[in-house]
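Asker: need a structure here:
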Amino acid sequence: MYTPRFTGLWYAPSQSKPFRLGFGVEVEMSVDDNSISRAAGSPTDTADPREDLVQRVVSSSTFEKSPKLRAFLRYVCRCALENEPAAATEQQIGIHVFGRSPGYNPNEDNIVRSQARLLRLKLEHHFAHEGKDEQTVITIPKGRYVPAFEKRVEIPAQQKSETTIQPRVETRRGRPLALITVILILGFTFVWLVSTSIRRKNATATPAASGPAGPDQVATPALNIPGAPALSLPAGEIRIAAGSQRSPFVDARGRSWGTDQFYQGGVAKAGSLDLFPPVADAVVFKTMREGASADSMAPPAQSEFRYSIPVPPGVYELRLYFADPLRRANPESLQDAQNARHFNVSVNGRPILSGFDVISDAGTAPIDVRAFKDIGPASDGKVHLEFVPSPERPFVNAVELVPGTPGKLNPIRISARNAGLVDNDGTRWIADNYYIGGRTSTYSNPDAGPQVAPLYTNERYGNFSYAIPVPPGSYTIRLHFLESFFSPLTAPSGICRGAGCRVFEVTCNGVELLRDFDVYQAAGGAFRPVVRTFHNLHPNGQGKLLLSFSPRVNYAEVRAIEIIDEAK
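Answerer: Next comes the predicted model:
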């Protein structure tokens, strides 16, 4: 069994492998949590007293036999102390505390919710008994996982005495008042239920698939809380999991996705169940919205669908996510599923994809992502996406709209890590994504030995590619490398060490970028980052910067990739 251990001023480092969450929280996975102490050299006289409080709580007899609850409490408290509430989501806790795989569905696995109930009971018991003299109390409010550190409210001794000896007396004079109170409560409850029913009925009214819908008619499924906002996402960001009616969720990259809404027509369906090679965010492709009728002769209203998404004024980047279930529908045929489905997509009446064949567009990848820049709302304040058969019925798995820059794509920075990070320069890097094939490996910085910056601790290696979706344009690509395996200091006995041990080539859409590239030789040794920059590169006909890493000696490798739009 492992438990997360936070590094830094709070806990002493171990020999286990560290990794950084996508929100700046660094975690170590350890087989033992009994040797917890303040890191050597830490400023004990200026430390946050809340850290000492958490240390006392997890060391108490209340938590003595509950290692998972100790790990749970440490994790969420560190999120609170480092002001990283986004790292304390149900899915992130499941992954980093309870060992669930990235992209697991919390709606199907309630481990975090059930353990949170136990943790709340444990905390209440601790501060009522062993921690009764603590001036600050830790609580985890219901409905969230970020703990609160609150000063204990002491009742004056005189008030305690009066409260204790005051008997409860029910008099005849009190009964009419109580009766009036009950009547008022019932009246307010009735009014609230009626208004809620009306709002819910309006919110769930879906236009019939057999007839055309009015231009302002939007089907918006009811949310868990009547009258709640459609999506709970960072300002300006909209992500819709098409066909999904479950609660909003967080994917493996830490992005929040809302339920399916703002649509007209189509039907919700299960997505592709077999994504191979593996992808970074399989959960995004579990559901989809598809045209209702498979009959190519059916009226358009029965086979097309659209989204009318309200957005604030501004410029946005649009990404459409596809994984066609037809891709591996009939493996016995010895044919792939290209030329089996075609459809058109337009934005605000402007075509952006014509005769679109997802499987052909994706190539060897199981999924396809298309990116577009300079997307803005129409005159009605909505972005209108229309999916039309050509002639087969259209579909989409997910829709993403994020604030953009006029005329220019926001930089894309990918780290080979399983979660994003912010480097020492304040630059944000997303978790590994858009890859096809390959494996990942992590270098764990030892207590004594070569130290590697967080951006370079993880590598993707093998014979692999990255298909990074971008709009038409000219781009700069920076590739970050570091040799940590074929080193005279770390290579196992009998393994090649030094220059010549790893040689490979890199191409972008067939354009040669690196030939016979040796990371060790280029960097002048192991554990030294080396960056190679290339300009004036253009996406292929599928809207991708397809980077291919082809080994010649041993495996190719890369630590991070940057894509910069060269538009002025």
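Asker: mind listing what whichever strand or helix holds Tyr461 pairs with, with the direction of each?
Answerer: Element membership for Tyr461 (DSSP states H and E) is strand 458-462. In the sheet, strand 458-462 lines up against strand 439-442 (antiparallel), strand 556-558 (antiparallel) (DSSP bridges).
Asker: what number of residues lie near Gln91?
Answerer: The number of residues packed near Gln91 is 22, by other CB atoms under 10 Å. Every residue, glycine included, has its C-beta placed from N, CA and C.
Asker: export the helix or strand it falls within as CSV, just CAs?
Answerer: According to DSSP H and E, Gln91 maps onto helix 90-96. Extracted as CSV, the C-alpha positions of helix 90-96 are listed here (Å, rounded to 0.1, in the frame of the first residue of the first chain):
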residue,chain,number,x,y,z
GLU,A,90,-12.9,14.1,-6.1
GLN,A,91,-11.1,12.7,-9.1
GLN,A,92,-7.7,14.1,-8.2
ILE,A,93,-8.0,12.7,-4.6
GLY,A,94,-9.0,9.3,-6.0
ILE,A,95,-6.0,9.3,-8.3
HIS,A,96,-3.3,10.6,-5.9
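Asker: what's the following helix or strand after that helix?
Answerer: Tracing the chain past helix 90-96, the next element assigned as helix or strand by DSSP H and E is helix 111-128.
Asker: so what touches that next one?
Answerer: 57, 60, 62-63, 66, 68-69, 72-73, 90, 93-94, 97-98, 100, 106, 134, 137-140, 142, 145, 152 (CB atoms under 8 Å, 6 or more residues apart in numbering).
Asker: now do the contacts for the closest residue to Phe485 other than its chain neighbours.
Answerer: Using CB to CB, 6 or more residues apart in numbering and skipping residues adjacent in sequence, the residue nearest Phe485 is Ala491, 6.5 Å away. Applying CB under 8 Å, 6+ apart, we find Ala491 in contact with Phe485, Arg497, Cys501.
Asker: which of the strands paired with strand 458-462 is buried the deepest?
Answerer: strand 556-558 (a mean of 24; mean count of other CB atoms under 10 Å).
Asker: give the contact list for Asn344.
Answerer: Pro351, Leu353, Ser354, Gly355, Phe356, Phe387, Val388, Pro389, Ser390, Pro394.
Asker: neighbour-wise, give me the winner out of the residues you listed.
Answerer: When those are compared by neighbour count (other CB under 10 Å), Phe387 ends up highest, at 27 neighbours.
Asker: can you give me the pLDDT of the closest residue in space to it that isn't next to it in sequence?
Answerer: With CB to CB, 6+ apart as the criterion, Phe387 has its nearest non-adjacent residue at 3.7 Å, and that residue is Pro394. pLDDT recorded at Pro394 is 96.
Asker: one step back: in JSON lines: the strands paired with strand 458-462, plus distance to Leu513 and mean pLDDT.
Answerer: Below are the strands paired with strand 458-462 laid out as JSON lines (distance: least, CB to CB, whole Å; pLDDT from 0 to 100):
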{"stretch": "strand 439-442", "distance to Leu513": "22", "mean pLDDT": "95"}
{"stretch": "strand 556-558", "distance to Leu513": "11", "mean pLDDT": "98"}
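Asker: can you say which of these is nearest to Gly473?
Answerer: Nearest to Gly473 among the strands paired with strand 458-462 is strand 556-558 (22.5 Å), distances taken as CB to CB.
Asker: what does that closest one contact?
Answerer: With CB under 8 Å, 6+ apart as the test, strand 556-558 has contacts from 416, 459-464, 479-481, 483, 502, 504-506, 519, 549-550.
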